[in-house]
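Chemist: Just need the structure, nothing else, for what follows:
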Amino acid sequence: QVQLVESGGGLVQTGGSLRLSCAASGRTLNSMGWFRQAPGKERQFVAAITWSGSMTSYADSVKGRFTISRDNAKNTVYLQMNNLQPEDTAVYYCASARTRNIVVIRGRYDAWGQGTQVTVSS
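Modeler: All right, here's what the predicted structure looks like:
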């Protein structure tokens, strides 16, 4: 079983940057992903990375602005978010999947963090 703890959220102005971190413990040789959920909306895919870090995938809405990375020595996954826009406002969740392949489907993730709030002011 894996435990996930996100950090790094906060309030930022339009065009600003934040870096989210997700510290994992337990079973950690997994592919990882970031999702987000805005009020009244479904949780949606943001980015994913394989266990090795060799493959990444992004939602079209964040391509070119967000970067997912991982440091397996620290059991930590990061989401660097640049040029943030008000529509990026949401609770961001880290997730883990029991596979070494890239995973973009929410239902294939079996462990979730508690979420961290990101608010972008206009």
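Chemist: and the gap between the residue nearest the centre of the chain and Gly113?
Modeler: In the chain, the C-alpha nearest the mean C-alpha coordinate belongs to Trp34, at 2.3 Å (CA atoms, centre = their mean). The spacing between Trp34 and Gly113, counted by CB to CB, to the nearest Å, is 10 Å. (Each C-beta comes from the backbone N, C-alpha and C, glycine too.)
Chemist: Lys41 too?
Modeler: 19 Å.
Chemist: burial count for the closest residue to Tyr109 other than its chain neighbours?
Modeler: Closest residue to Tyr109 apart from its sequence neighbours, by CB to CB, 6 or more residues apart in numbering: Ala95 at 3.8 Å. Close neighbours of Ala95, defined as other CB atoms under 10 Å, add up to 25.
Chemist: can you check Val77 too?
Modeler: 30.
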